[in-house]
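# take a look and give me a structure for this.
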Amino acid sequence: MAEDFVNLLADLKEQEVLALAQKRLDSGEDPIKILDDSRAAMAIVGKRFADGEYFLPELVFSGELLKQVSEMVKPYLKQAVETKKLAKIVIGTVAGDIHDIGLNIVDFMLDVNGFDVTNLGVDVPVEKFIEAVKETKAPIVGLSGFLTPAFDAMKETVEALDKAGLRKDIKVMIGGGQMDDEVKKYAKADAYGKDAMAAVALAKGWIGAK
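Below is the predicted model:
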């Protein structure tokens with residue numbers, strides 16, 4: 001069933017994907033497994049996009065499909081998570097980048113793990129991050145980016161937070177397609193998370209939650 005699900009999602013078969021997701025949930029399968037399979041399917045979609053088999057419309061549609069699967073899974077995950085929010089987090093894809101599939105998975109996983117997430121969306125200017133941190137008083141900021149130009153945008157965002165006097169009170173994580181520990185150093189972020197579960201683990205570690 002898992003393999004079928006991955007292939008159907010990678011092939012963007014909407015009705016079949018949603019029906020199979022519901023069937024798996026009804027059978028009592030661990031909802032995290034469905035999300036893991038969704039991630040595997042998105043990796044295939046990303047490769048097909050990179051190879052020129054898929055184009056922007058397919059990429060956008062895959063994101064919408066993932067959103068639908070996430071909405072189905074969410075109530076099943078919520079049952080296992082305490083309702084009390086652990087901490088606030090501001091996340092967004094940095095200026096000049098419009099990729100949001102990874103961002104939305106991180107948003108979803110942080111939310112179901114008890115964080116109060118402010119998702120600023122894509123192509124977020126530096127000022128918007130600063131406003132959101134001031135408004136929410138969030139102790140954690142997540143910067144997402146897929147393309148190499150995002151390196152500079154991440155660096156500029158961290159520097160702006162520093163200039164605004166906010167940097168010393170917050171932890172900054174980065175993540176996305178081309179990101180790694182080298183980019184983390186370049187951008188002067190605190191950590192790099194390779195996927196959504198890494199983001200959750202980092203956030204929990206920073207606030208001392210188990």
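# show me the domain layout of this protein.
Using automatic domain parsing, the domain parsing of the chain gives 2-78, 88-207.
# and those domains, which is most packed in?
domain 88-207 (a mean of 19; mean count of other CB atoms under 10 Å). For the C-beta atoms, the positions are set from N, CA and C on the backbone; glycine is no exception.
# still on that earlier bit, mean pLDDT lowest where, among the domains of the chain?
Among those, domain 2-78 carries the lowest mean pLDDT, a mean of 90.
# can you give me how far that domain is from the chain middle?
With CA atoms, centre = their mean, to the nearest Å as the basis, domain 2-78 stands 15 Å off its chain's centre.
# try stretch 151-163
The answer for stretch 151-163 is 19 Å, by CA atoms, centre = their mean.
# which residues are contacting that stretch?
For stretch 151-163, contacts defined as CB atoms under 8 Å, 6 or more residues apart in numbering pick out 94-97, 126-127, 129-130, 133, 141, 143, 145, 167, 170, 172, 174, 178, 183, 186-189.
# run the last query once more with 7 Å
Residues outside stretch 151-163 that contact it (CB atoms under 7 Å, 6 or more residues apart in numbering) are 94-97, 126, 129-130, 133, 143, 145, 167, 170, 172, 174, 183, 186-189.
# so Leu86 sits against Phe115, correct?
Yes - between Leu86 and Phe115 there is a contact under CB atoms under 7 Å: 5.5 Å.
# all strands for the chain, in order.
88-93, 116-119, 140-144, 171-175, 191-192 (DSSP state E).
# and those strands as a markdown table, adding distance to Lys13?
A markdown table is the format used below for the strands of the chain (distance: least, CB to CB, whole Å):
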| stretch | distance to Lys13 |
| --- | --- |
| strand 88-93 | 27 |
| strand 116-119 | 27 |
| strand 140-144 | 27 |
| strand 171-175 | 28 |
| strand 191-192 | 34 |
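# Gly63 is nearest to which of those strands?
Set against Gly63 and scored by CB to CB, these come closest in strand 88-93, at 12.1 Å.
# the closest one packs against which elements?
Other elements packing on strand 88-93 under the criterion 3 or more CB pairs under 7 Å, 6 or more residues apart in numbering; DSSP states H and E are helix 101-112, strand 116-119, helix 126-136, strand 140-144.
# list the contacts for Leu86?
By CB under 7 Å, 6+ apart, the neighbours of Leu86 are Gly114, Phe115, Ile207, Ala209.
# out of those, who's nearest Asn104?
Using CB to CB, the contacts of Leu86 come closest to Asn104 at Phe115, 14.4 Å.
# so the closest one sits against Ile89, correct?
Yes - if you go by CB under 7 Å, Phe115 and Ile89 touch, sitting 5.1 Å apart.
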